[in-house]
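Enquirer: what's the 3D shape of this:
(chains A and B)
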Amino acid sequence: MRRLLAPRTLFIGLGLACLLAVWLSLALGPVNLPLADTWRAGLRLLGVPLSGEGLGQAELILGQIRLPRTLLGLAVGAVLALSGVAMQGLFRNPLADPGLVGVASGAALGAAVAIVGGSWLGGIDEAFAPYLLSVCALLGGLGVTALVYRLGRRDGQTSVATMLLAGIALTALASSAVGLFTYLADDATLRTLTFWNLGSLNGASYQRLWPLLLVTGGVALWLPRRAQALNALLLGESEARHLGVDVEGLKRELVFCTALGVGAAVAAAGLIGFIGLVVPHLVRLLAGPDHRVVLPASLLAGGTLLLFADLIARLALAPAELPIGIVTAFIGAPFFLFLLIRGRG
Amino acid sequence: MMRKSLTLVSLCAGLAFSSLALAQELPQRWVSAGGALSEWISALGGEAHLVGVDTTSQHPQTLKALPSIGYQRQLSAEGILSLRPDVLVGTDEMGPPPVLAQVRSAGVRVELFSSEPGLAAVDDNLKRLGSLLGAEQQAARLAGDYRQQIDALTASIKSAQVKQAAPGVLLLVGHAGGKPLLAGQGTSGDWLLKQAGARNLADHQGYKPLSLEALTALDPDVLVVSDRALGGEAAVQALLKENPGLAGSRAVREQHVITLDPTLLVGGLGPRLPAALERLAQAFYPAGQVSLAR
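Expert: Alright, predicted model coming up:
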């Protein structure tokens, strides 16, 4: 595969793009804050003792609305892109995406159970109600993935092909169960379900953010350590084994990281498609297939792309808001096609 | 003489100031997320206070010119704050909850109203909207008229039922005639049908896809069609075109098909409801003298 950019150039470019995305995400929104106020409020939030006169509104918007939202976007984008790399490495197939091992459909099923079932139960404990959806989505994703992994195992060996097929079958099964819940849902829960399936970074709060930041941090630290092993796996399973890679252990780690990462992301922000499939591709098209570059570059690119998509989501129809899942595909797909055509020519 | 007029002037100024101060305490910039609520605010003369509405606020037509804050269940905190509102009003369907919490913490009053179908909810909502707008008397009058009209209609339906049994009715909700849904028990459509003196023949819960065979078996006396894309006769024609099997049913053969504005089915009871109920009831009891007037 031809390489368009040296890794150094790529990392500098992505780093700058990411900083720009973070800055824009903090500075722009439907509420028009003067630039000076944004700076002063930001410095005050960092603990710099400045006079806070007339900054109440700016501090609130920056600290309680835009900052958690930006962090959520970065974490979700990063962990989805990393999981995409892990899945494409595991299946040695560029069409693989984190949905393949059933984590997305499992999470959707968990969410449907929470949204539809929650409205039947009615009086759930006040303190627990806001977390029901996230917890059910996470459990659904982990559960279905564990089942896919279990089905792929035989005599201590994990067959990737069996896992792939089991993933497809369980995804179909979970989708039909979601369909059943959709049928049983009333108007109100149906709308909630539809919007959840499109994803959103709206209403991010710190309580929901911390678990995801922890998981993302863990995955982001762990996966790059396995970059060499993933490179070896590109050659084939037996070749990797001969090169001294513990292939079974690697598979287990990749599936676990994906299930946990995507499960946490989906629990926090709903289903956001496209990032996990296409960001690793974009990076490989730009910098070649070496996982030592692809993993950290995908992390940066995933977070950056999601932040830019979120900017469009919140500004395009302000004061209303677009679901972000619509935007990611809308800006990402043409860009991806452009790179494909360019790479061919 | 001079002193007297001075006292008078200062008295007048004091009065004017105090009424001004009272006006200051009422919220001036309103954002409304709820179709029926926006209609009531307009009916109470508060339309000038509205600076943003959600996508379910379709009546009166002038509201469509206002900035849209999106769908009532999927609001954006910063979007709402950018309109600098003093108060956000919405039904209990408004959300998501974290966004409402963010709006509240920015110092915006968030007022939740009931979207239950029923006169008690209308009374209560009007009373609270009236006091928020400083139009208590008008609100009380509207609520009284509303109750009176509905009561009169119920009474006239009762007397019409002496001569004619309550008709069996089905309510179809569709989009340009395609794949209509049948309004079952517990829906707002069901409440409307019953309030207009009909028996809802659909005994399932919620809105479910229609099966032509089931419809034929239920054999309704009247079909009510509520179309989100088309109005009036066009809605009925589109429904028959998309579902040719309907043409054989008794209600269609006898031309007992009436249309209903779909915006009446969401977001609680609004001011246009009594007139719509009267139209439905007159179609259900063509021979009886049903009306809103006593």
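Enquirer: For residue B:181, the count of nearby residues, please.
Expert: Neighbour count of residue B:181, defined by other C-beta atoms under 10 Å in any protein chain shown: 19. Glycine gets a C-beta too; all of them are placed from N, C-alpha and C.
Enquirer: Also residue A:20?
Expert: For residue A:20, the neighbour count with other C-beta under 10 Å is 13.
Enquirer: Please spell out which residues along the helix or strand encompassing it are buried.
Expert: For residue A:20, the enclosing helix or strand under DSSP states H and E is helix A:7-27. Residues A:7, A:10, A:11, A:14, A:17, A:18, A:21, A:22, A:24, A:25, A:26 are the ones in helix A:7-27 that count as buried (16 or more other C-beta atoms under 10 Å in any protein chain shown).
Enquirer: do you know how far the last one is from residue B:186?
Expert: For residue A:26, the distance to residue B:186 equals 46 Å [C-beta to C-beta, to the nearest Å].
Enquirer: mind listing what residue A:28 touches?
Expert: A:311, A:315 (C-beta atoms under 8 Å, 6 or more residues apart in numbering or on different chains).
Enquirer: Distance of it relative to residue A:35?
Expert: Residue A:28 is 10 Å from residue A:35, by C-beta to C-beta.
Enquirer: again with residue A:104
Expert: 39 Å.
Enquirer: the more surrounded of the two?
Expert: residue A:104 (29 against 8).
Enquirer: How about the contacts made by the more buried one?
Expert: Going by C-beta under 8 Å, 6+ apart, residue A:104 touches A:98, A:141, A:171, A:262, A:266, A:271.
Enquirer: Hmm, residue A:136 and the fifth one touching each other?
Expert: This points to residue A:266. No: the pair formed by residue A:266 and residue A:136 falls short of the contact definition of C-beta atoms under 8 Å, at 10.8 Å.
Enquirer: intersection of neighbour lists for the two?
Expert: With C-beta under 8 Å, 6+ apart, residue A:266 and residue A:136 have common neighbours residue A:111.
Enquirer: who's more crowded, those two?
Expert: Using other C-beta under 10 Å, the more surrounded residue of residue A:266 and residue A:136 is residue A:266, with 30 against 21.
Enquirer: Tell me the spacing between the residue in the stretch 101-250 of chain B that chain A sits nearest to and residue B:174.
Expert: Going by C-beta to the nearest C-beta, chain A is nearest to residue B:206 of the stretch 101-250 of chain B, at 4.4 Å. Applying C-beta to C-beta, the value for residue B:206 to residue B:174 is 16 Å.
Enquirer: for residue B:245, same thing?
Expert: Distance of residue B:245 to residue B:174, computed by C-beta to C-beta: 14 Å.
Enquirer: Counting neighbours, go ahead and name the busier of the two.
Expert: Neighbour totals were compared for residue B:245 and residue B:174, and residue B:174 leads with 23 against 11 (other C-beta under 10 Å).
Enquirer: Tell me both backbone torsions, phi and psi, for that one.
Expert: phi -140, psi -180 (degrees, to the nearest 10).
Enquirer: What pLDDT is listed against the closest residue to chain B within the stretch 1-150 of chain A?
Expert: Nearest residue of the stretch 1-150 of chain A to chain B, counting by C-beta to the nearest C-beta: residue A:30, 3.7 Å away. pLDDT recorded at residue A:30 is 90.
Enquirer: Enumerate every residue touching it.
Expert: Counting by C-beta under 8 Å, 6+ apart, residue A:30 has contacts A:314, A:315, A:318, A:319, B:76, B:78, B:79, B:81, B:82.
Enquirer: what's the closest non-adjacent residue to the last one?
Expert: By the measure of C-beta to C-beta, 6 or more residues apart in numbering or on different chains, the closest residue to residue B:82 outside its immediate chain neighbours is residue A:30, 3.7 Å from it.
Enquirer: any idea what that neighbour is structurally, helix, strand or coil?
Expert: Using DSSP: H, G, I helix; E, B strand; the rest coil, the structure places residue A:30 in coil.
Enquirer: What of residue B:116?
Expert: coil.
Enquirer: What is the neighbour count of it?
Expert: Residues near residue B:116, counting by other C-beta under 10 Å, number 16.
Enquirer: which phi and psi does the spatially closest residue to it that is not a sequence neighbour have?
Expert: Closest residue to residue B:116 apart from its sequence neighbours, by C-beta to C-beta, 6+ apart: residue B:268 at 7.1 Å. With angles defined as degrees, to the nearest 10, residue B:268 sits at phi 80, psi 180.
Enquirer: can you pull the contacts of residue B:268?
Expert: B:34-37, B:91, B:113-117, B:121-122, B:125.
Enquirer: try 7 Å
Expert: B:34, B:36, B:91, B:114, B:115, B:121 (C-beta atoms under 7 Å, 6 or more residues apart in numbering or on different chains).
Enquirer: Let me know the next secondary structure element after the helix or strand hosting the second one.
Expert: Spelled out, it's residue B:36. If you go by DSSP H and E, residue B:36 is part of helix B:35-43. As assigned by DSSP H and E, the chain's next helix or strand after helix B:35-43 is strand B:50-53.
Enquirer: Against which helices or strands is that following strand packed?
Expert: Judged by 3 or more C-beta pairs under 7 Å, 6 or more residues apart in numbering or on different chains; DSSP states H and E, the packing partners of strand B:50-53 are strand B:30-33, helix B:35-43.
Enquirer: got the contact list for the helix or strand following that strand?
Expert: Note on strand B:50-53: by DSSP H and E, the next helix or strand toward the C-terminus is helix B:77-81. If you take C-beta under 7 Å, 6+ apart as the criterion, helix B:77-81 is touched by A:29-31, A:61, A:65, A:203, A:314, A:318-321, B:31, B:69, B:88, B:99, B:102-103, B:106.
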